[in-house]
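> fold the following, please.
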Amino acid sequence: MGLVRMGVPEELVTLLQKKYNIRQFIETGTFYGGTAVWASEFFETVFTIEFSSELYEKISTKYQDIKNIQFLFGDSRVQLNRLINKLDKRAIFWLDAHWSGGETYGEEDQCPLIEEINIINCSSIDHFILIDDARLFTSPPQPPHHLENWPSISQVIDTLRSKFSDKYIVIIEDVIIAVPSEAKLTLAKYCQQVNAKAWEDYGKNLRESKLEKGIKLILSELKSLISR
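Numbering: from 1, shown residues only. Below you'll find the model as predicted:
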């Protein structure tokens, strides 16, 4: 799960879904099912893959009445291999099967990401790919992650472009986002809006911080005068 936001960037995903008429959402790493349940409201079919038997049993039972979610148990690489050639139209992939401690699967097999992307690249279709926890790839992840299991950001980007070299790739809100070239402007405008909002919030927080410091200084001076 990302540090900037919890889960998939919902505004972007719904924007892409509507604009490009995307009907299927594929997630690796079900966790507590929040993303899959949310996606079921916007997509015809949601496939979500989980390799923790405990999480799979608990979450697939909890949400068994949501008929357009297909809960799949097992290795994300195996399940993606089974799915990829069945897709006849563009889909959105949310890749979040990498190990993140706690109940999540994979302490001894921490990051299947490169293999997941290579499997998606076996498709003749240029899919939309979003990868959670960008910070774990832009620099080495913290202990107890095994460094040898984690690819660098350059390896991730090279793999994303190994099939479709003109794929447009950005990193924003702790998510790596790779879209077909025709969606470049849509994604770029979304990023502009996010960055403008972040800059606005930064300025607001900075002003509030300065005001708070000023008030504290005035109060301190008043207390000093009163106590004399």
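> from here on, just use CA atoms for contacts and neighbour counts.
OK.
> residues touching the most centrally placed residue in the chain, list them.
Residue closest to the average C-alpha location in the chain (C-alpha atoms, centre = their mean): D132, at 3.0 Å. D132 sits next to M1, G2, G7, V8, W94, L95, D96, D174, V175, I176 when contact means C-alpha atoms under 8 Å, 6 or more residues apart in numbering.
> just the element for K204, please.
helix 184-226 (DSSP states H and E).
> T48 too?
strand 45-50.
> one more: I131?
strand 128-132.
> which is the next helix or strand following that strand?
Downstream of strand 128-132, the first helix or strand assigned by DSSP H and E is helix 135-138.
> what sits up against that following helix?
Counting by C-alpha under 8 Å, 6+ apart, P141, W150, P151, S152, I153, V156, D174 sit against helix 135-138.
> break down the chain into its strands, ranges please.
24-28, 45-50, 69-73, 91-95, 128-132, 168-172, 175-179 (DSSP state E).
> in a markdown table: these, plus distance to E116.
Shown next, in a markdown table, are these (distance: least, C-alpha to C-alpha, whole Å):
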| stretch | distance to E116 |
| --- | --- |
| strand 24-28 | 9 |
| strand 45-50 | 12 |
| strand 69-73 | 15 |
| strand 91-95 | 8 |
| strand 128-132 | 11 |
| strand 168-172 | 17 |
| strand 175-179 | 14 |
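> good, we can wrap up now.
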